[in-house]
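Engineer: pasting the structure only:
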C-alpha cells in the first residue's frame, strides 16, 4: 500500500503481541506472534498494510504445532511469515477466514491433515480427506507412519451388501 | 427453484478429477462449492523421506504441464536456506527453460479454451504450433515434458552453444504465429461474444481472494514474481508485466497471449547475453533453518517452504501451486453467470488440479499396450534421433546455399 516497513508498523500497532523478529534477508522476514492475537494481527496485515496471503504452513515441532502465515508485500518485494506455536495434543487457534477469504481452503486442509481446530471457521468440514477417513487420524503428523486406515475388506463387503440389498430384504 | 448440477468428479471436459457443485436457479448460477483431492498422493509427506536431490525430481512430477516451475521454486527455497548464489550461466539456462515452458503452457491453454467453447480451429492451430516448443525441449533436454534440467545450486544439463541457432530459428517461426493468434482472437466476433464480459471479477475481489498470476493480472492487479522477487536472470533482461483491467475471460486470454510475446523477447535476450562459465555451484551441506522459494509459473505464483533439521532430507516441505490460490476466485466469478458458460469460466484460470492435489499422472493416450521403461526410453531416443537428423539435414541445406 505504502512504503512503510511492515514489521515496524506491526511493532508500533501491537507492542505486546509481537515476539522475535528474524530478518534472514531483505526479502524474507519471520516474525514470532502471540497465538491469541493472530486474528487481529493477520487482519491488520491484510486490510491495513495491503499484504497478500500466500499460504499457511503447519508443522510439528517439540514446542508444539507451529503454524506459519506467509504474507507477501509484492510492491516491497518482501515475504513476511508470522510464526505461531500452539500447544499439542489438541492444537487450536482462531480462524482468520472471516477476515481473509483466501484462507478458507488452507485452514480446512490443515484441519484435515494436522488436526488443528480453527475456531470461528465458517465451514469447518472435510476438504482433502475422503468422507470415510476415520476421525482423529491425521496423516501429516510425524507420528503417522504411512499406515492408512481405510475400511477393512470385511467392512467394505458389509457396506456393499447393505447398499446392494437395500429395500429387497 | 434451485437445482444442483455436479460438474465432476469425472467430467468429459475436465481432464482431471475435481468436483464442483454448481447451484443454479433457472439458467443462472447462484452458488458454487469445490471439493478436491480425488488423487491425493501426499507428495509433501513423501518429500520428508527423500534427499534434497531426489525431491527435485519428485516435485517435477507434481505437474505435467508446468513441470519446471516446481523444481525452480524448490531450488530457490534450498538456495535461500543454504545462502547460495547460483552461477550466472545457470541463471540464464533456468530463465530459458522457464520461458519456453510459459509459451507452451499458454498455447496449450489457448487450445483448450477454443475446445471448451467449441472453436476447434483455434484448438488445432494452437496445439500445432505448440509442437515447435515441445520439439525444442526435446532437443535441449531430451524430453518433451519433465525436463530434469534444474538441480539445487544450478542446472543439471548445459545448453550447448551449437543449439542456440536452433532455438532462435524456432522462435523466428513461432513469433509470427503468436501474432497471428493475437489478431485472430482479438478480432473474431464469435470469440468476443463468448468470452467478453464472461466470468468477470473486480480488482477488489481479485485482491480479496488472494489470486495470483494471469488471473490477478487480468483484473488489474499488478503483480509478477519475476519482477517483484527476481530470480534466475529476470533482472538482467528487458521485459514488461502485462496487465488488463477487464477481469473477464477475454482479458485472461489477452494477458496470456501478450505474455507469450514477452517470453519470446526474454528468450532472445537470454540467448544473446548468456555468459560462459560453470553451470552449478555445489551446496556442501544444508544448514538447520528454513527457506522460502517463489517462482512465477505459467499459472501464477508457485510457492515452496522448506524446514530443515540439518539432515539431508527436508523436515517439512510445503507446496502451494498457483491453482490452489486461484480456484477460490470462482465464488466471485460464477454468481449470476449462465450454465452454458460454466466450462469456459472453469477453464479460464487454466486450472491444474494435479498441481493442487500434488499427484503424478501418466497418460499414454494413444494405445493400450503396456510400455516398460526400456520401451519408453527407446521411443524417446528414436524421436530425438529423428529431430537431430532433420536438423542436420537442414544445416547441410543451408550450407549448400
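Structural biologist: All right, it came through fine. Since the structure is predicted, the reported quantities are computational estimates derived from the model, not experimental observations.
Engineer: Tell me the secondary structure at the single nearest residue of the stretch 51-200 of chain B relative to chain A.
Structural biologist: Closest approach between the stretch 51-200 of chain B and chain A, counting by CB to the nearest CB: residue B:80, at 6.6 Å. No exception for glycine: its C-beta is placed from N, CA and C like everyone else's. Per DSSP: H, G, I helix; E, B strand; the rest coil, the secondary structure class of residue B:80 is helix.
Engineer: With the one 5 residues further on instead?
Structural biologist: Using three-state DSSP, the three-state assignment for residue B:85 comes out as coil.
Engineer: Skipping its backbone neighbours, what lies nearest it in space?
Structural biologist: residue B:281 (6.9 Å; CB to CB, 6 or more residues apart in numbering or on different chains).
Engineer: And for the closest residue to chain A within the stretch 101-250 of chain B, nearest residue in space, chain neighbours not counted?
Structural biologist: Closest to chain A within the stretch 101-250 of chain B is residue B:210: 3.1 Å, counting by CB to the nearest CB. Leaving out its chain neighbours, the residue that sits closest to residue B:210 by CB to CB, 6+ apart is residue A:102, at 3.1 Å.
Engineer: need the contact list for the residue in chain A that chain B sits nearest to.
Structural biologist: Minimum separation of chain A from chain B (CB to the nearest CB) falls at residue A:102, amounting to 3.1 Å. Residues in contact with residue A:102 (CB atoms under 8 Å, 6 or more residues apart in numbering or on different chains) are A:52, A:53, B:208, B:209, B:210, B:325, B:328.
Engineer: Between those residues, which sits nearest residue B:146?
Structural biologist: Nearest to residue B:146, judged by CB to CB, of the contacts of residue A:102 is residue B:325 at 23.4 Å.
Engineer: hang on, isn't that closest one packed against residue B:223?
Structural biologist: No - shown here, residue B:325 and residue B:223 do not form a contact pair, counting by CB atoms under 8 Å, at 11.3 Å.
Engineer: ok, back up a step: so the closest residue to the residue of the stretch 51-200 of chain B closest to chain A other than its chain neighbours is in which element?
Structural biologist: Residue nearest to residue B:80 in three dimensions, not counting chain neighbours: residue B:291, with 3.9 Å by CB to CB, 6+ apart. Assignment of secondary structure by DSSP states H and E places residue B:291 within strand B:288-297.
Engineer: out of the contacts of residue A:102, who's nearest residue B:58?
Structural biologist: Ranked by distance to residue B:58 (CB to CB), the contacts of residue A:102 are led by residue B:325 at 21.6 Å.
Engineer: Near chain A, which residues of chain B are found?
Structural biologist: Along chain B, the residues adjacent to chain A under the rule CB under 8 Å from any CB of the partner chain are B:34-37, B:40, B:42, B:44-45, B:80, B:207-210, B:223, B:228-229, B:289-292, B:294, B:301, B:303, B:305, B:307, B:315-316, B:318, B:320, B:324-325, B:327-328, B:331.
Engineer: From residue B:180, how far off is residue B:173?
Structural biologist: 12 Å (CB to CB, to the nearest Å).
Engineer: what's around the residue nearest to residue B:80, how many residues?
Structural biologist: For residue B:291, the number of neighbouring residues by other CB atoms under 10 Å in any protein chain shown comes to 23.
Engineer: The one 10 residues further on too?
Structural biologist: Burial of residue B:301 is recorded as 31 neighbouring residues (other CB under 10 Å).
Engineer: Which stretches in chain B count as strands?
Structural biologist: Defined through DSSP state E, the strands belonging to chain B, from first to last, are B:2-7, B:19-25, B:28-35, B:150-151, B:154-155, B:288-297, B:300-309, B:316-320.
Engineer: any chance of the ones you listed in a markdown table, plus mean pLDDT?
Structural biologist: Shown next, in a markdown table, are the strands of chain B (pLDDT from 0 to 100):
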| stretch | mean pLDDT |
| --- | --- |
| strand B:2-7 | 86 |
| strand B:19-25 | 87 |
| strand B:28-35 | 85 |
| strand B:150-151 | 94 |
| strand B:154-155 | 94 |
| strand B:288-297 | 94 |
| strand B:300-309 | 94 |
| strand B:316-320 | 93 |
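Engineer: returning to what we had before: tabulate the contacts of residue A:102 (TSV), appending neighbour count.
Structural biologist: Compiled in TSV, these are given as follows (neighbours: other CB atoms under 10 Å in any protein chain shown):
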residue	neighbour count
A:52	25
A:53	22
B:208	19
B:209	26
B:210	25
B:325	30
B:328	19
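Engineer: any idea of the pLDDT on the residue lying closest to residue B:191 once chain neighbours are set aside?
Structural biologist: In space, residue B:191 comes closest to residue B:185 once its chain neighbours are excluded; the distance is 5.6 Å by CB to CB, 6+ apart. Note for residue B:185: predicted pLDDT of 84.
Engineer: At the contact with chain B, which residues of chain A appear?
Structural biologist: Proximity of chain A to chain B, by CB under 8 Å from any CB, involves residues A:24-25, A:27-28, A:30, A:52-55, A:57, A:59, A:68, A:70, A:72, A:74-75, A:77, A:79, A:81, A:100-102, A:104-106, A:127-130, A:139-140, A:146.
Engineer: before we move on, back to that, list the residues that contact the residue nearest to residue B:80.
Structural biologist: Counting by CB under 8 Å, 6+ apart, residue B:291 touches A:28, B:77, B:78, B:79, B:80, B:81, B:82, B:305, B:306, B:308.
Engineer: redo that, cut-off 10 Å
Structural biologist: A:24, A:28, B:74, B:76-83, B:304-308, B:314 (CB atoms under 10 Å, 6 or more residues apart in numbering or on different chains).
Engineer: the helices in chain A, which residues?
Structural biologist: Taking DSSP state H as the criterion, chain A carries its helices at A:6-13, A:38-43, A:104-114, A:153-164.
Engineer: Give me the neighbour count for residue 10.
Structural biologist: Reading this off chain A. A count of neighbours around residue A:10, defined by other CB under 10 Å, yields 22.
Engineer: Let me rephrase: I mean chain B.
Structural biologist: Number of residues near residue B:10 (other CB under 10 Å) recorded here: 10.
Engineer: Does residue B:15 touch residue B:351 like I think?
Structural biologist: Yes - counting by CB atoms under 10 Å, residue B:15 touches residue B:351, with 9.4 Å between them.
Engineer: More neighbours: which of these two?
Structural biologist: The neighbour comparison of residue B:15 against residue B:351 (other CB under 10 Å) goes to residue B:351, with 23 against 16.
Engineer: Can you check the pLDDT for that one?
Structural biologist: Model confidence at residue B:351, given as pLDDT, is 76.
Engineer: Residue A:95 now?
Structural biologist: The model reports residue A:95 with a pLDDT of 96.
Engineer: can I assume it is in contact with residue A:120?
Structural biologist: Yes - counting by CB under 10 Å, residue A:120 is a contact partner of residue A:95 at 4.5 Å.
Engineer: and those two? which has more neighbours close in?
Structural biologist: In this view residue A:95 and residue A:120 are compared by other CB under 10 Å, and residue A:95 has more residues nearby, 22 against 13.
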